[in-house]
Each structure stands twice: as C-alpha cells, then as structure tokens.
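S.K.: Here is my input, please return the structure:
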Amino acid sequence: MRFRFLCKAAAAITLATAMVMASGCSSQEEDNTAEITVGPGDTLAEMTIQIGEETGKIRFKLFPEVAPKGVDNFVKLAENGYYNGKTIHRVIKDFMIQGGSLRGNGTGGTTADKTEIPRETNDRMRAYYGALGYAESSDGINSQFFIINNKTPFDIAKTAKNISSDLDEYKDRLTEEDKKTYTDYLAKLNATPEDVRAKYLSNGGAFSIDGNYTIFGQAIEGLDFLDKISQVEVSSGNPIDDEQGIASKPAVSVIIKKIEIATIPTITETEATTTTRKSIRPSATTPAPSDTTVTEATTSPDTAKVQ
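M.R.: Residues are numbered from 1 along each chain as shown. Sure thing, here's the model as predicted:
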C-alpha cells in the first residue's frame, strides 16, 4: 500500500468501491484483452504529468501475473522516485508517447536492481489504446516506457484481405525480402484470435508492434489527458526519429511529476461494493490516421507497419 491517497485502509476501500467493475470480491482477469476490472489485490499506478502549466493524471492497472519482472521493476523505480522530474521525450500522434529516459532524449535508462530484465510477452497482453509497455534498446529493457495513444479502430480482417490481394497483384514486382515481410505480417494478422480482433476494432491500438514488446499495464482513467499529451506540437530533436525524418520531440515541456503505486487491499465480499468503470473506447468521431512508418534501433518500440 503505497499511494498517499491509499495510505489508510479506509481510503483504499473507497478507491476500490469507486473503481471496481467486478462480479465478486476480487479481480480475475490476467490480461488486457478481457474487460478490464479493478478490485482487491490489484496493483495500480497513478502517473502525474505536467504539460506546460497544466497538470493531469493517468491511472493504470498493472499485470504482475503476466509480466512479473517488468511490473516489479516499474514499481521499484516509481517508489524510489526515479521517474520524478523525468520527461515525456517522444510523442508520435496515432502511435505512442514515450518517457523515462535518463537523459531526456531517448538515451539512457536503468533498472531498479541493476540487473537484466527479459522481455515478457504474452498472447493476451496486446498493444491496445492505453497500453503501458517497455521500450527496448540493444541492452534490453530499462526504465523507459511507452503508452499507446492510437485510438483509431483497426480492422484486422479487412487489412489481411487487402494485403493478400496486394501480394497476388504485385508478387512479381516485390523483392524476396519485401515478400517475406508482407507474408509474415499477413500470417500474424490471420493468426489473431477473434476476441483480440474485436478489441482492436473497438479500441484501436498499435497492432504493428503487437507481441514484440513487454506490455505490463493498461490505462483505466485519464485517457483524455493522454489524448491531450498526444496533441502537443513536436519538432526535431530526438536523434533516431530525426534520422527517419519524423518530428517527435515535444515543443513544450512534458514532465513526469511523479508515479505513485498502490495495491488495493483484500476485503471481504460483504465489504466490497462494485461499480462499473467507464469503458476504454475510442471516440466515434476520431479521424483515421495517416500511415506512418518508423524504425527504431534505440530504446523505443518499432513502428514499422505493413499496409
């Protein structure tokens, strides 16, 4: 129990009753494909971020069941104050925001225990809108994280059909390398389960990096503020993105003021009151993004898309 707003059991129970959407006294799902619920025993992270003079919060449910080492690292870094004053140094609209860099430009980072953290991927933890994951460098996972900000619905079945058609039409013009890239991506699309397809279609996300990075949390509150961060003006200044001709450095300061961690205490069924949390869904009026291809070699998710 670590948030100041959860420093007392009574406060924790108040939070639980305000946020739980469950049919019992505990949260059962262990992934972000099922309907997200919050209940006793769950670990939450509240990220306070300042854009210029405006401050807002994004709250996440963490998933230690599927990414135990990743969650442990994030929790320890947050509790030790590592993230306090660090920046959101990278903003790419309709893809993700990224922060936690040691030097504020995408270079440098650390792990809580100064040990290597393995990638923890899981078929049920997907890169949906609001997903919290680790960026990676050649040295592996460190302190840098990303949050998916693309909420445009993604139709996996339609995309697979279009790629299959293009492969048939242009197969004689493609290099063997390009042909393999498209064929592998088509196989990934076709292998996606129906419930995952449905969630990408309703929620949006970054399917291009699906399964390639450790996803260890899901935003449950504060998505409006995530959208606000995603709309900031950007310029050059992030070395790797500059090489790709992509502006991604916020023109205004975007500062992580603090990240607080809390575990909702276990309470009895008679003590628990459940309420429905608002669904994490994209706006029906969200315009479709333009296609963006980004390839990253440093600590960042790879955004290479095949359309």
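S.K.: Which parts of the stretch 1-150 of the chain are helices?
M.R.: 9-19, 68-79 (DSSP state H, counting those that start in this stretch).
S.K.: between the ones you listed, which gets the lowest average pLDDT?
M.R.: Mean pLDDT per stretch puts helix 9-19 lowest among these, at a mean of 30.
S.K.: Count the neighbours of E194 for me.
M.R.: A count of nearby residues for E194, using other C-beta atoms under 10 Å, gives 9. For every residue, glycine as well, the C-beta is placed using N, CA and C.
S.K.: do the same with G56
M.R.: 16.
S.K.: That one is in contact with G222, isn't it?
M.R.: Yes. G56 sits in contact with G222 when judged by C-beta atoms under 8 Å, with a separation of 6.4 Å.
S.K.: Quick check: which ranges of the protein have low pLDDT?
M.R.: The model of the chain has pLDDT under 70 over residues 1-29, 267-307.
S.K.: One more pass at 90, please.
M.R.: 1-37, 103-108, 116, 122-124, 137-140, 171, 239-240, 265-307 (pLDDT under 90).
S.K.: What segments of it are strands?
M.R.: For the chain, the strands defined by DSSP state E occupy 43-51, 54-62, 88-92, 96-99, 131-137, 140-148, 215-221, 234-235, 249-250, 254-263.
S.K.: May I see those strands organised as JSON lines, with distance to D241 added?
M.R.: What follows is the strands of the chain, written out as JSON lines (distance: least, C-beta to C-beta, whole Å):
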{"stretch": "strand 43-51", "distance to D241": "20"}
{"stretch": "strand 54-62", "distance to D241": "23"}
{"stretch": "strand 88-92", "distance to D241": "7"}
{"stretch": "strand 96-99", "distance to D241": "10"}
{"stretch": "strand 131-137", "distance to D241": "13"}
{"stretch": "strand 140-148", "distance to D241": "13"}
{"stretch": "strand 215-221", "distance to D241": "22"}
{"stretch": "strand 234-235", "distance to D241": "9"}
{"stretch": "strand 249-250", "distance to D241": "8"}
{"stretch": "strand 254-263", "distance to D241": "15"}
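S.K.: Can you tell me which of these is nearest to R173?
M.R.: strand 88-92 (29.9 Å; C-beta to C-beta).
S.K.: and that closest one, which residues are buried?
M.R.: I88, H89, R90, V91, I92 (16 or more other C-beta atoms under 10 Å).
S.K.: Report the angle between that strand and strand 43-51.
M.R.: On the basis of axes from the mean of the first three to the mean of the last three C-alpha atoms, to 10 degrees, strand 88-92 is oriented at 90 degrees to strand 43-51.
S.K.: my guess is G39 meets P265, correct?
M.R.: No. If you go by C-beta under 8 Å, G39 and P265 don't touch, sitting 10.7 Å apart.
S.K.: Between those two, tell me which one has more neighbours.
M.R.: Taking other C-beta under 10 Å, G39 and P265 do not tie; G39 has more neighbours (23 against 15).
S.K.: got the contact list for K86?
M.R.: G99, G100, S101, L102, G104, I255, I256 (C-beta atoms under 8 Å, 6 or more residues apart in numbering).
S.K.: And this protein, split by domain according to the record?
M.R.: 1-151+209-307, 155-203 (automatic domain parsing).
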